[in-house]
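Engineer: fold the following and give me the result.
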Amino acid sequence: MLLRILTPLLPFAVLLAVWEVYCAAMGVSPLILPSPSGVIRALVLNRAEIGPHALATLWVAALGFSISVGFAFATSVALHFAPVIERAVMPLFVASQTVPLVALAPLMILWFGFGLLPKVLLVVLVTFLPVLMSLLSGYRQTPTAFADLLTSMGAGRWAVFRRAVLPSARAGFLAGLRISATYAIVATIFAEYAGARRGLGIYILAAKNNFRADLVLAAVVVSAALTLSLLGILRLAAWLTARGPEGRRDA
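Structural biologist: Below you'll find the model as predicted:
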């Protein structure tokens, strides 16, 4: 277990060490490239200011992600029972993912103002499709023999879906959740960067305008920590809902 935790951290430790040595040996100005120790120092000294911005970003990302997951699940069920509609609307869903965030975020702010709604909508839009696609793909992994057995025993379409189709989509669903979670914080920061009263995005913009590269990187570190926290929560949820020791080991 300890080896599994330490192995992914080794490349980061090497990268940080090389970065620190380079900044010290080459005398790089902190205005251009602050060292990792300088970034950590800035984070500690400004934690009281960064903390509320981080909580604001986390709240928007968590809310948007939760709504996205619920909407994606309801949509996947509807499309599963109506494949004709799936073929009609899926190109529209895919096309929605081709719009660059850098163009979409200002439009959301322009249409819906500087409140909570545009940021949540942007998170939903960005994280919706991976969850939907993972669920639909998981539904198609249902063992045909199992579904046929339930049908022969008199089970209706909903009973077959609940007992055979839905459990088959668990692994794909969890994978889709992890993919979407990595996008949630980024989408929130993009929306805040375009216009917000509080959040890491507006904090990064202010730090950039003040030529504080250390604060910009400190906010980036916090955003990465928030993303890893969401992934950790999802992994814990997968472990808690797994069946048996083998399922928990795979989760």
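
Engineer: let me know the average pLDDT across the lengthiest helix in the chain.
Structural biologist: If you go by DSSP state H, the chain has its longest helix at helix 47-81. In this model, helix 47-81 has a mean pLDDT of 92.

Engineer: buried residues in it?
Structural biologist: Within helix 47-81, the residues that count as buried by 16 or more other Cβ atoms under 10 Å are 50, 53-54, 56-65, 67-69, 72-73, 75-77, 79-80. For every residue, glycine as well, the C-beta is placed using N, CA and C.

Engineer: show me what it packs onto, helices and strands only.
Structural biologist: helix 83-96, helix 116-139, helix 170-194, helix 200-209, helix 213-241 (3 or more Cβ pairs under 8 Å, 6 or more residues apart in numbering; DSSP states H and E).

Engineer: now with 7 Å?
Structural biologist: Here helix 47-81 touches helix 116-139, helix 170-194, helix 200-209, helix 213-241, going by 3 or more Cβ pairs under 7 Å, 6 or more residues apart in numbering; DSSP states H and E.

Engineer: could you dump those to a markdown table with distance to Leu101, mean pLDDT and mean neighbour count?
Structural biologist: Conversion of the helices and strands packed on helix 47-81 to a markdown table gives the following (distance: least, Cβ to Cβ, whole Å; pLDDT from 0 to 100; neighbours: other Cβ atoms under 10 Å):
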| stretch | distance to Leu101 | mean pLDDT | mean neighbour count |
| --- | --- | --- | --- |
| helix 116-139 | 7 | 90 | 22 |
| helix 170-194 | 5 | 88 | 22 |
| helix 200-209 | 11 | 90 | 20 |
| helix 213-241 | 14 | 89 | 17 |
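
Engineer: for Ala194, give its distance to Met133.
Structural biologist: 27 Å (Cβ to Cβ, to the nearest Å).

Engineer: please apply the same query to Ala95.
Structural biologist: 14 Å.

Engineer: residues in contact with the residue nearest the centre of the chain?
Structural biologist: Centre of the chain computed as the mean C-alpha position; nearest residue by Cα atoms, centre = their mean is Ala181, 1.7 Å away. Neighbouring residues of Ala181 by Cβ atoms under 7 Å, 6 or more residues apart in numbering: 65, 227, 230-231, 234.

Engineer: try Val216
Structural biologist: 204, 207-208 are the contacts of Val216 under Cβ under 7 Å, 6+ apart.

Engineer: any idea how far Ala218 is from the closest residue to it other than its chain neighbours?
Structural biologist: Spatially, and ignoring its direct neighbours in sequence, Val216 is nearest to Ala207 (4.7 Å; Cβ to Cβ, 6 or more residues apart in numbering). Distance, Ala207 to Ala218, by Cβ to Cβ: 8 Å.

Engineer: quick one: list the elements packing against the helix or strand where Val14 lies.
Structural biologist: In the assignment (DSSP states H and E), Val14 maps to helix 2-26. With contacts taken as 3+ Cβ pairs under 7 Å, 6+ apart, helix 2-26 sits against helix 36-45.

Engineer: isn't Ala56 up against Arg198?
Structural biologist: Yes - counting by Cβ atoms under 7 Å, Ala56 does reach Arg198; the two are 4.3 Å apart.

Engineer: still on that earlier bit, out of the helices and strands packed on helix 47-81, the one nearest Trp158 is which?
Structural biologist: With Cβ to Cβ as the measure, helix 116-139 is the member of the helices and strands packed on helix 47-81 nearest Trp158 (13.4 Å).

Engineer: please save the CA atoms from the very next helix or strand once past that closest one in CSV.
Structural biologist: Using DSSP H and E, the helix or strand that follows helix 116-139 in sequence is helix 144-152. Extracted as CSV, the C-alpha positions of helix 144-152 are listed here (Å, rounded to 0.1, in the frame of the first residue of the first chain):
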residue,chain,number,x,y,z
THR,A,144,-26.7,-10.9,-22.9
ALA,A,145,-27.2,-14.3,-21.2
PHE,A,146,-28.0,-12.6,-17.9
ALA,A,147,-30.5,-10.2,-19.4
ASP,A,148,-32.2,-13.0,-21.4
LEU,A,149,-32.4,-15.1,-18.3
LEU,A,150,-34.2,-12.3,-16.4
THR,A,151,-36.5,-11.8,-19.4
SER,A,152,-37.4,-15.5,-19.5
